[in-house]
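Everything below, folded, please.
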Amino acid sequence: MQLNREALTRAYRQMKLIREFEERLHEEIQTGEIAGFTHLYCGQEAVAVGVCEHLSERDKIVSTHRGHGHCLAKGCDVTGMMKEIWGSQEGLCNGKGGSMHIADIDKGMLGANGIVGAGAPIAVGAALSNKIDGPDENGKLAVSIAFSGDGACNQGTTFEAMNLAVVTKAPAIFVFENNHYSEHTGDAYAVGTAQDIASRAEAFGMKVWRADGTDFFSVFDTFGEVLEFVRTPGNGPAAVEFDTERFFGHFEGDPQRYRGEGELDRIRATRDCLRKFREKVTGAKLLTDEDIDAVDADALQAIEDAVTASRAAARPTAENVLENVYISY
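Numbers count the residues shown, from 1 in each chain. This is a model prediction of the structure:
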């Protein structure tokens, strides 16, 4: 699918913003200012952006513990997210969600989730709501997407969610980001279908796709096909597996002793989605190196501004403890 100059620039900016957001958090975690566990998304940016660039505000996504990239790709405010991670009362969830539980319902981001595999049932519930709402004026359904990894593909919650989606013909899409490590364990050791996670979804009776998750254009084109299928009333759910990489550990502080010698250097050199994007668009003369450099500078400044604002943002007070904990219907 051919993208125009504006769309290419936007897609690259989204990926670069995620990369710089994560790289900066990698530095800031060392200062001790950020509480709790943080799981970085570096390396997988092409998946989040290649998927979310197709979506509208009607469409919903549910994320994982590695959720910053999905949040930013779906349009969550970068400064609001940074303030949330800093624990500020001004954060997207008033500082109560932190890194693993960022949500923005207005953007269709139903939340990151600290429990592996717990997002899939939420996405199917949202998809059933989409089905009840019915198609839009163009005859297309809104969809709900469950982002999952190779670890979540082993969870019973994911199996039950896939089965329910098929039985009810819910317009749900299961996006499996196979970065080859479930926490610290290689997929070849822990996943029975390590080289083909999508086949698990196929066994439940849904149509599946597979693509290179380190190539934005492969993700974008493939997901466009998936989306067209699921938006059509009566087709039901689908799944797609993206083969990708993560550049940092499972969590910040993970020494990554399970990695092979030189593995990280190799994947950064050969499977970096931002590098691949630049090479393709400049090689095809769709954008210039100067265009890309300008986007890089803009993204860096956006992150710098977000960090500065987060350091100065208001912290919660004792009076805030019970706010938004219970709801009265």
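
use CA for all of it now, contacts and neighbours both
OK.

Next, count neighbours for residue 2.
Applying other Cα atoms under 10 Å, we find 8 residues neighbouring residue 2.

What distance do you get for it to residue 16?
Residue 2 sits 21 Å away from residue 16, going by Cα to Cα, to the nearest Å.

now swap in residue 164 and tell me
Distance from residue 164 to residue 16, counting by Cα to Cα: 36 Å.

Which one's more surrounded, these two?
More crowded of residue 164 and residue 16, by other Cα under 10 Å: residue 16, with 24 against 18.

Go ahead and confirm that one touches residue 272.
No. Using Cα atoms under 8 Å, residue 16 makes no contact with residue 272, being 11.6 Å away.

which residue is nearest the middle of the chain?
Nearest to the mean C-alpha position of the chain, by Cα atoms, centre = their mean, lies residue 70 at 2.8 Å.

can I assume it sits in a helix?
Yes. Checked against DSSP: H, G, I helix; E, B strand; the rest coil, residue 70 lies within a helix.

Distance-wise, check residue 139 relative to residue 101.
Residue 139 sits 34 Å away from residue 101, going by Cα to Cα.

So which residues of this protein form strands?
Assigned by DSSP state E, the strands in the chain fall at 60-62, 144-149, 172-178, 181-182, 185-186, 207-212, 238-243.

Identify the spatial nearest neighbour of residue 135, chain neighbours not counted.
residue 141 (4.3 Å; Cα to Cα, 6 or more residues apart in numbering).

For that neighbour, give me its contacts.
Residue 141 sits next to 130, 131, 134, 135, 171, 230, 231, 232, 233 when contact means Cα atoms under 8 Å, 6 or more residues apart in numbering.

Check the gap between the fifth one and residue 240 for me.
It refers to residue 171. Taking Cα to Cα, one finds residue 171 at 14 Å from residue 240.

higher neighbour count, the two?
The neighbour comparison of residue 171 against residue 240 (other Cα under 10 Å) goes to residue 171, with 31 against 24.

okay, stretch 300-317 in CSV with CA atoms only?
Provided in CSV are the C-alpha atoms of stretch 300-317 (Å, rounded to 0.1, in the frame of the first residue of the first chain):
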residue,chain,number,x,y,z
LEU,A,300,13.8,14.3,21.0
GLN,A,301,12.5,17.7,21.9
ALA,A,302,9.1,16.3,22.7
ILE,A,303,10.6,13.8,25.1
GLU,A,304,12.8,16.4,26.7
ASP,A,305,9.8,18.7,27.3
ALA,A,306,7.8,15.7,28.7
VAL,A,307,10.6,14.8,31.2
THR,A,308,11.0,18.4,32.3
ALA,A,309,7.2,18.8,32.8
SER,A,310,7.1,15.5,34.7
ARG,A,311,9.8,16.4,37.1
ALA,A,312,7.9,19.6,38.0
ALA,A,313,4.4,18.1,38.0
ALA,A,314,2.3,18.0,41.1
ARG,A,315,2.6,14.8,43.3
PRO,A,316,-0.5,13.1,44.8
THR,A,317,-1.5,14.1,48.3
